[in-house]
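> Here is a sequence with its predicted model. Questions after.
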Amino acid sequence: MTQSPLPTPTSTPTPASDPGTDPHLDFAGTTPYEDYVRAEVLTHLQHPLTDEPGEMVFLVTTQVMELWFTVIVHEWTTAAHALRRDELGTALAALERSGHELKALNASWEPLARLTPAEFNAYRAALGEGSGFQSAMYRRMEFLLGEKSASMLVPHRGAPRVHDELAKALHEPSLYDEALAYLSRHGHELPDEVLHRDRGLPHEPHPAVEAAWTAVYAGDARDGSPDGSPDNGLLRLGEALTEVAELVWRWRNDHLVATRRAMGAKQGTGGSAGVAWLEKRARRSVFPELWTARSHV
Ligand code: HEM
Ligand SMILES: N[C@@H](CC(=O)c1ccccc1NC=O)C(=O)O
């Protein structure tokens, strides 16, 4: 069989592109896509510590989760500011978006959820004392949930920008603080110790908050909506926050189970007891009165 001669460049001129239907190919500098997405930066931030083929997905999953944490912090901050301005629609839209984002975040456990101890051990030692415990953006999420803790700033003392952002977030009202202030401005009286609490301390469950949510869930609308109607704004706020709480709990639980599979009861690289410590953390209730109120409706 005779080989057909390779076409010379001149024998196959590039067909003229039709400017009306074909994508643009010529850009003076970087593409507008790159200018917006910064994909070149993003895809050159992966620096595995070993040659183990399985380390890349561990690193990238962690980076992907950091990006989702960043988006979720943005949504909850938007929601908190909107509540403060009495713009419930804007707050609900941001909270509902965050629900979809939390589901995408939780789905990203999939590649790590079934690591065996031997697979994880292949690169675990290279992680040294590194641990997700040191994630500043995760702490921002917890602070917005009302889970404040000044000691969580300590690991970031060596990184002034991160430390300052976290210190600011520690003393700002949380998303839950703003939701409770909104409740109090819309017919549900709450005491000063709830509304003017020390923002740097964690939110503690309070019977007056439970009573307020109980009234909301009983359909006892006092914010101008028709009694008990399903479009009661406060009920929608309660349900949007409950969805967030459940999905955060699911993230913690998926993390716990992945950890149990990958390393059993070994001590964590962050210095904690590992699984036993994560179990305790996963038992914490997010927006506690939104759960306990349900027993009284
Ligand atoms: C199989 C993979 C993983 C294992 C075995 C694991 C293990 C652990 C352990 C043992 C801790 C407790 C602290 C310590 O002593 O280190 C911890 C904390 C933590 N990890 Fe992971 N982790 C894994 C994946 C991830 C990923 C992908 C993220 C995403 C960023 C992450 C984020 C966190 C966070 C935020 C904490 C602190 C939790 C808290 O303060 O309550 N982990 N992890
Ligand atoms: N804490 C894990 C290590 C780990 O998972 C990790 C290490 C560095 C950066 C992120 C991590 N993810 C969660 O802790 C361990 O004890 O093996």
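The structure has been received and is ready for your questions. Ligands and ions are numbered 1, 2, ... in the order given.
> Number of residues surrounding Arg124?
19 (other Cβ atoms under 10 Å). C-beta coordinates here come from the backbone N, C-alpha and C atoms, glycine included.
> Could you do Pro191 as well?
Pro191 is flanked by 13 other residues according to other Cβ under 10 Å.
> what do you get for Trp76?
Number of residues near Trp76 (other Cβ under 10 Å) recorded here: 24.
> List the contacts of it.
By Cβ atoms under 8 Å, 6 or more residues apart in numbering, the contact list for Trp76 reads 94-95, 98, 141, 144, 175, 244.
> Now Lys168: which helix or strand?
Counting by DSSP states H and E, the element that carries Lys168 is helix 160-171.
> quick check, distance from that helix to the centre of its chain.
Centroid separation for helix 160-171 versus its chain: 17 Å, with Cα atoms, centre = their mean, to the nearest Å.
> do stretch 123-136 as well
19 Å.
> And that stretch, what's buried?
123-124, 127, 133-136 (16 or more other Cβ atoms under 10 Å).
> ok, so of those, who is nearest Ala240?
Distance ranking of the buried residues of stretch 123-136 against Ala240, using Cβ to Cβ, places Ser135 first at 24.6 Å.
> give me every residue that touches whichever residue of the stretch 51-200 of the chain sits closest to ligand 1.
Proximity of the stretch 51-200 of the chain to ligand 1 (Cβ to the nearest ligand atom) peaks at Gly132, 2.1 Å away. With Cβ under 8 Å, 6+ apart as the criterion, the residues that contact Gly132 are 62, 138, 255, 270.
> Turn those residues into TSV, columns for distance to ligand 2, neighbour count and secondary structure.
What follows is those, written out as TSV (distance: Cβ to the nearest ligand atom, whole Å; neighbours: other Cβ atoms under 10 Å; DSSP: H, G, I helix; E, B strand; the rest coil):
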residue	distance to ligand 2	neighbour count	secondary structure
Thr62	5	14	helix
Tyr138	10	18	helix
His255	8	19	helix
Gly270	5	15	coil
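> of these, list those near ligand 1.
Contacts with ligand 1 within these, counted by Cβ under 6 Å from any ligand atom: 62, 138, 255, 270.
> got the contact list for the closest residue to the second one other than its chain neighbours?
Leaving aside its chain neighbours, Tyr138 sits nearest to Phe69 (5.6 Å; criterion: Cβ to Cβ, 6 or more residues apart in numbering). For Phe69, the contacting residues are 105, 135, 137-138, 140-141, taking Cβ under 8 Å, 6+ apart as the criterion.
> quick one on the thing from earlier: give the buried residues for the helix holding Lys168.
Buried residues in helix 160-171 (16+ other Cβ under 10 Å): 162-163, 165-166, 169-170.
> Give me the helices and strands touching whichever helix or strand comes after that helix, please.
Next in sequence after helix 160-171, counting helices and strands by DSSP H and E, comes helix 175-185. Secondary-structure packing of helix 175-185 (3 or more Cβ pairs under 8 Å, 6 or more residues apart in numbering; DSSP states H and E): helix 55-84, helix 136-145, helix 192-195, helix 207-217, helix 233-263.
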